[in-house]
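Enquirer: kindly generate the corresponding structure for this input.
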Amino acid sequence: MLLEIIGDITANIMARKKAEEALIESERKFRDMAETTVDWIWEMDSGGIIRYSNPQVYGLLGYSCEELMGKNTRDILLPPEKWDKFMEAISLQKADKFITLEMVVNHKNGREVFLESRILPFSLPGDKRAIYRGVTRDITERKNNEQKIMQAMADLKRSNKDLEEFAYVASHDLKEPLRMVSSYVKLLEKKYSDKLDADAHDYIGFASEGAQRMQRLISDLLMYSRLGRTDVEFMDINTEGLVNDVIKGLQLRINEIGADVKIETELPIMYADRTQIEQLFQNLIANALKFISERKPEVRIGCSEKEGFYEFYVRDNGIGISGDYYDKIFIIFQQLHTKDKYPGTGIGLSVCKKVAEHHSGEIRVESELGKGTTFYFTISSSLKEKNNNGA
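Expert: So this is what the prediction gives:
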């Protein structure tokens, strides 16, 4: 009996010794790995005392391992109020579950360093006190770059708004003097028509055509700039009724070229700005009726509902667009054809792009030269929800 007891004790001692040896070996491997990594690896108890630190802390924060080992890092790395929040955040994390935190820590020389820490709370067998093991790296450069990007975006947004404001003011202020130029050119032609030779009539014609073209350009530019200045008035709109209104407005052109224009799917009732959506369809359908081939013109309009958005299309069988110009056509003032053959200002598709973006959507084109073009654009189906939530 005594021998059995002694044997059990011996076995327990041996098992404990093996477990201790395994733990020591595990700690050795951990420390070997920690010594060679580029990140700061540390271990801290629930009171903030550093139990382990690899040498990389010196390059990161300017402290040697000896300066931190066994020390309470409160007041050293973080002021009390930030330290309390840090400890609260990691103490709420479940054991054996990683938590990632970003924080600003004081370098030994006084400067602030942005750090990202991945922390694992755990406890030793037979001890309920929490221990935290973390891997920390310097993200100061990344944060600075993010700040620069945010500033650049803010500057770009402000610059775009300034440009839109300038375009609005310039186009608005140019309308009146241009109207006067056009009026006086017409008056000159009317009053002195019998006193002018053929060349003079040609010159007046050129001036009149130029003034009219400039008026169209200014009107389109004014409309384009208004998209960025005026508030978007969202409401529930019957898209099918809206498109039918657009088609009726283009009926003269439709009759002139004998076009067949049809809505071939059910169109939704959606939450959007009616004026802008009407302008978008107006521009796309008018383009389809402009760039026609020798075939009988056909225009088809439809929509499909997908997750989170409506995708509309306007399809024609016109002259088509080369794939080399898919992106170029949405840039303001860009035109692929001469004004003599296809009059226009090069603003229409830019307006379409802007309208789609104002409705959390986008526009794209698919086309084949000589066969036709399809414009697809999307409108978010959750705009009402976003608007109600103040997004």
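
Enquirer: this protein: helices as residue ranges?
Expert: 2-36, 57-61, 65-68, 80-91, 140-191, 198-229, 239-249, 251-257, 274-290, 348-358, 383-388 (DSSP state H).

Enquirer: so what pLDDT did residue 104 get?
Expert: Residue 104 is assigned a predicted lDDT (pLDDT) of 87.

Enquirer: so what's the nearest residue to it once chain neighbours are set aside up against?
Expert: Sequence neighbours aside, residue 112 is the residue nearest to residue 104 in space, at 4.9 Å (criterion: CB to CB, 6 or more residues apart in numbering). For every residue, glycine as well, the C-beta is placed using N, CA and C. Residues counted as contacts of residue 112 (CB atoms under 8 Å, 6 or more residues apart in numbering) are 104, 105, 106.

Enquirer: and residue 112, how far is that from residue 320?
Expert: Look at residue 112 and residue 320: by CB to CB, to the nearest Å, they are 59 Å apart.

Enquirer: check residue 197 too.
Expert: From residue 197 to residue 320 the distance is 45 Å (CB to CB).

Enquirer: of these two, which one has the most company?
Expert: Set side by side, residue 197 and residue 320 show more neighbours around residue 320, with 17 against 8, by other CB atoms under 10 Å.

Enquirer: my read is that the more buried one contacts residue 366, right?
Expert: No: under the criterion of CB atoms under 8 Å, residue 320 makes no contact with residue 366, lying 10.0 Å away.

Enquirer: enumerate every residue touching residue 235.
Expert: Per CB under 8 Å, 6+ apart, neighbours of residue 235: 271, 272, 273, 274.

Enquirer: just residue 62 next, same as before
Expert: The contact partners of residue 62, by CB under 8 Å, 6+ apart, come to 107, 108, 109.

Enquirer: how about it, nearest residue that isn't a chain neighbour?
Expert: Of all residues not flanking residue 62 in the chain, residue 108 sits nearest, at 3.2 Å (CB to CB, 6+ apart).

Enquirer: for the one you found, give me phi and psi.
Expert: phi -60, psi -30 (degrees, to the nearest 10).

Enquirer: kindly tell me how buried it is, as a neighbour count.
Expert: Quick note: residue 108 (other CB under 10 Å) scores 14 neighbours.

Enquirer: domains for this structure, by residue range?
Expert: With automatic domain parsing as the criterion, the domains of the chain are listed as 37-138, 140-230, 233-391.

Enquirer: among the ones you listed, which gets the worst mean confidence?
Expert: Among those, domain 140-230 scores lowest, with a mean of 73.

Enquirer: wait, residue 250 sits on residue 286?
Expert: Yes: here residue 250 reaches residue 286: they are 6.2 Å apart, a contact under CB under 8 Å.

Enquirer: more crowded one of those two?
Expert: residue 250 (20 against 16).

Enquirer: so that one versus residue 243, what's the distance?
Expert: Taken as CB to CB, the span from residue 250 to residue 243 is 11 Å.

Enquirer: what do you get for residue 360?
Expert: 21 Å.

Enquirer: what does residue 153 give?
Expert: For residue 153, the distance to residue 243 - CB to CB - is 36 Å.

Enquirer: out of these two, which sits in the busier spot?
Expert: In terms of neighbours (other CB under 10 Å), residue 243 is the more surrounded of residue 153 and residue 243; the figures are 22 against 10.

Enquirer: what residues are bridge-paired with residue 313?
Expert: residue 302, residue 376 (DSSP bridges).

Enquirer: which residues touch it?
Expert: Residues in contact with residue 313 (CB under 8 Å, 6+ apart) are 300, 301, 302, 303, 374, 375, 376, 377.

Enquirer: which one of those residues has the most neighbours?
Expert: Neighbour counts for the contacts of residue 313 (other CB under 10 Å) peak at residue 377, which has 26 neighbours.

Enquirer: residue contacts, that residue?
Expert: Contacts of residue 377 by CB under 8 Å, 6+ apart are 280, 284, 311, 312, 313, 352, 356, 361, 362, 363, 364.

Enquirer: phi first, then psi, for residue 266.
Expert: Dihedral angles (degrees, to the nearest 10) for residue 266: phi -70, psi 130.

Enquirer: circling back: which of the contacts of residue 377 count as buried?
Expert: Among these, the ones that count as buried by 16 or more other CB atoms under 10 Å are 280, 284, 311, 312, 313, 352, 356, 361, 363.
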